[in-house]
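> below are the sequence and a predicted model; questions follow.
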Amino acid sequence: MKKFLPIVLIALIAILLFVAFVYFKQDTSKNGLNSPAGPVKQISFFHYFSGNLSGGIDEMVATANTSNPSRLILASGLDHEAFKSMIHTSLDRGNPPELFSYWAGERVQQLVDRNQLMPIDDLWEDLHLSENFSPEIIESAVTYNGKKYLLPITQHLVVFFYNKRLFDSQNLMPPQSWQEFLNICEKLHKKGITPIALGAKERWPAQFWFDYLLLRTAGPEYRARLMAGESTYTSPEVVHVYKIWSSLLQDNYFNPNANQLDWAEATDLVRQGKAAMTLMGTWATQTFEDLPFALKPGEDYDFFPFPTMGENIPHASVGPIDGIILSRESENHVFAKEVLGYFAEQESQKIMSTGSGALAPNVSINTNFYSPFKQRLREEISTSSHWVFNYDLATPDTIADKGMDSFNELIEFPLQYSAILKNLQKEIDQELE
C-alpha cells in the first residue's frame, strides 16, 4: 500500500496539470488570444520585485495590460537570489524572457560585454526619451559601450531612516557631522537603546556602510579607482574605513545579531522603536508604512543623509537604479520595445514610485506628484555633486562577492579588520591572476 501511494499522487498531479493546461487554453481563447479578431501579443517579463520589495510592479504591469487589450505581459517575480541564478541560466541556454529587470551598473555592463542584450537606441530616439531622463542617469544607468540598453524604472536613495518619536523623546536632532552622529550613538547606548539596526544576513545591506564611510573620508574619485581595480583593499584609505567601522562595532552601537537578520527585520526594529536608526534604501519606506502598524513619514519616522566626515570632500549620494532590459536571444523584440515605451511614460513611473518607495527616474514628472517627504529625498539627490551605485553594482561580481563576505566577517570579528583586509586582497589577487 505504501508503494502504491506515490504512484497515485503522481497520477493526480499529472491530471491536475493537464486540467490546468486545458483551462488555460480555453481561458486565453475567451480573452482573445486565439480569437478571429486577431491574436493577443504576449511577452514574458521576469523580475526580482517580490516579498518585501514587491510594491509597484504588479500594479504597473496590470495597468499596462488593461490599457491595451491587444497585449499581454506575462510577469513572473522571484526573490533576489533565485533571480540572479535563474536569469544567467536562461541567458546562457538561449531561452531568456523578452524583458527582465536588472540593476544598472556593472551587472548590466557584464551582460552587454557578453552580447546577451539588445540595444534600444531606436526606441530612445523615436520617443525622445532623452527629454525625460537626466543626463547623469542616461550616462551612468542607460548607456553601455556607447549604446542604450536599459530603461530606468526606479531610483532609490540610501539614507539613515530613524524613529522620529524615539529621537524626540531623547531630545535628539538629526546629525550633520560625524561627531554629532557619534554623540547620538553614545547617548542612546547609555540609555540602553540600540543606536543602529543592521540586517546583514543577505550580505548586501552591509555594503552601504562601506560605501558611505569611503565616500565621506576618501571621496568619490578614490572610490571609483578602487572599484576599477586601480587601488587595493590594503591601501590606507580602505584600512581607515574598516577601522572606523570596527570601532562602531566594538562600541556596541549595532544590534548584536546583525548577521542573523535580513534588512526588513532590521528596519522593523526601528519601526518598533527597538533601535533608533538604520542605513537603508528608500524601499525601506514599504516596511515603515506597512499596515496595520503604519508609521507616518515626517511624523513617526524620518530620514537624514550620511553625515559629513572630512573637509573639502564632495557630497555624494548612493543608491541603485532598477531598470528593464531586452534580451537578444528572445522573440518579439518589436512588441517588447512597445512595452518598454509604456513603462517609460509618466503614469507608469508614478505607479512604480508610489508602490516601491523609489523616486521616478522620469524627470518630467511634476514635483507636486511627490509627498513633502519624497520631495526632500529628491532634493537630497539633486544637491549631491556625485551619484554612485552601491558597491555590488559598481564592481565586478567576483570581486563584489569577496568584498561583501569581508563585511560579514568584520561584523563578526571587528578586532580582526586588518587581517580581514589582507586576506581579501590576497583572494582578489588570486582571482585576477
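Arrived safely, thanks for sending.
> and the strands in the stretch 101-250 of the chain, which stretches?
143-144, 147-148, 150-155, 158-163, 194-197 (DSSP state E, counting those that start in this stretch).
> what mean pLDDT does the third one get?
Taken as a whole, strand 150-155 has an average pLDDT of 96.
> elements contacting that strand?
strand 321-326, helix 333-344, helix 346-356 (3 or more C-beta pairs under 8 Å, 6 or more residues apart in numbering; DSSP states H and E). Yep, even glycine has a C-beta here, placed from its N, CA and C like the rest.
> apply 10 Å and report the result again.
In terms of contacts (3 or more C-beta pairs under 10 Å, 6 or more residues apart in numbering; DSSP states H and E), strand 150-155 is packed against helix 57-67, strand 99-103, helix 106-113, helix 135-137, strand 321-326, helix 333-344, helix 346-356, helix 372-382.
> among the strands of the stretch 101-250 of the chain, which is the most enclosed?
Neighbour counts (mean count of other C-beta atoms under 10 Å) averaged over each of those peak at strand 150-155, with a mean of 28.
> can I assume residue 204 is in contact with residue 84?
No - between residue 204 and residue 84 there is no contact under C-beta atoms under 10 Å: 11.0 Å.
> common neighbours of those two, please.
Shared contacts of residue 204 and residue 84, defined by C-beta atoms under 10 Å, 6 or more residues apart in numbering, are absent.
> dihedrals phi and psi, residue 173?
The phi and psi values for residue 173, taken as degrees, to the nearest 10, are phi -120, psi 150.
> any idea how far it lies from residue 181?
11 Å (C-beta to C-beta, to the nearest Å).
> what's the helix or strand where residue 420 lies packed up against?
Residue 420 is located in helix 417-432, with elements delineated by DSSP states H and E. On a contact count with 3+ C-beta pairs under 10 Å, 6+ apart, helix 417-432 meets helix 236-250, helix 397-412.
> how far is it from where the chain is centred?
Centre-to-centre, helix 417-432 and its host chain are 26 Å apart (C-alpha atoms, centre = their mean, to the nearest Å).
> can you pull the buried residues of that helix?
Within helix 417-432, the residues that count as buried by 16 or more other C-beta atoms under 10 Å are 417, 420-421, 423-425, 427-428.
> how many neighbours does residue 386 have?
Taking other C-beta atoms under 10 Å as the criterion, the count of residues near residue 386 is 16.
> what pLDDT does it get?
We note a pLDDT of 93 for residue 386 in this prediction.
> need phi/psi at it.
Per degrees, to the nearest 10, the backbone of residue 386 is at phi -140, psi 140.
> any idea how far the nearest residue to it once chain neighbours are set aside lies from residue 91?
Closest residue to residue 386 apart from its sequence neighbours, by C-beta to C-beta, 6 or more residues apart in numbering: residue 316 at 3.9 Å. Distance from residue 316 to residue 91, counting by C-beta to C-beta: 32 Å.
> one more: residue 187?
Residue 187 is 51 Å from residue 91, by C-beta to C-beta.
> which of those two has more neighbours?
More neighbours surround residue 91 than the other of residue 187 and residue 91, with 20 against 15 (other C-beta under 10 Å).
> name the residues of the stretch of helix or strand the more buried one belongs to that come out as buried.
For residue 91, the element it lies in under DSSP H and E is helix 80-93. Within helix 80-93, the residues that qualify as buried are 83-84, 86-88, 90-91, counting by 16+ other C-beta under 10 Å.
> same thing with stretch 132-144?
132-134, 137-138, 140-144.
> endpoint to endpoint, it covers what distance?
19 Å (C-alpha to C-alpha, to the nearest Å).
> what helices and strands are in contact with the helix holding residue 91?
If you count contacts as 3+ C-beta pairs under 10 Å, 6+ apart, helix 80-93 packs onto strand 41-47, strand 71-77, strand 99-103, helix 106-113.
> okay, it in PDB with CA atoms only?
Listed next in PDB are the C-alpha coordinates belonging to helix 80-93 (Å, rounded to 0.1, in the frame of the first residue of the first chain):
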ATOM      1  CA  HIS A  80      16.600  38.300  -5.400                       C
ATOM      2  CA  GLU A  81      18.900  35.300  -5.000                       C
ATOM      3  CA  ALA A  82      16.800  32.900  -7.100                       C
ATOM      4  CA  PHE A  83      16.500  35.600  -9.800                       C
ATOM      5  CA  LYS A  84      20.300  36.100 -10.000                       C
ATOM      6  CA  SER A  85      20.900  32.400 -10.800                       C
ATOM      7  CA  MET A  86      17.800  31.900 -13.000                       C
ATOM      8  CA  ILE A  87      18.400  34.800 -15.300                       C
ATOM      9  CA  HIS A  88      22.000  33.800 -16.100                       C
ATOM     10  CA  THR A  89      21.000  30.200 -16.700                       C
ATOM     11  CA  SER A  90      18.200  31.300 -19.100                       C
ATOM     12  CA  LEU A  91      20.500  33.700 -20.900                       C
ATOM     13  CA  ASP A  92      23.300  31.100 -21.300                       C
ATOM     14  CA  ARG A  93      20.900  28.500 -22.600                       C
END
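> strand 41-47 and that one, what's the angle between them?
Between helix 80-93 and strand 41-47, the angle comes out at 130 degrees (axes from the mean of the first three to the mean of the last three C-alpha atoms, to 10 degrees).
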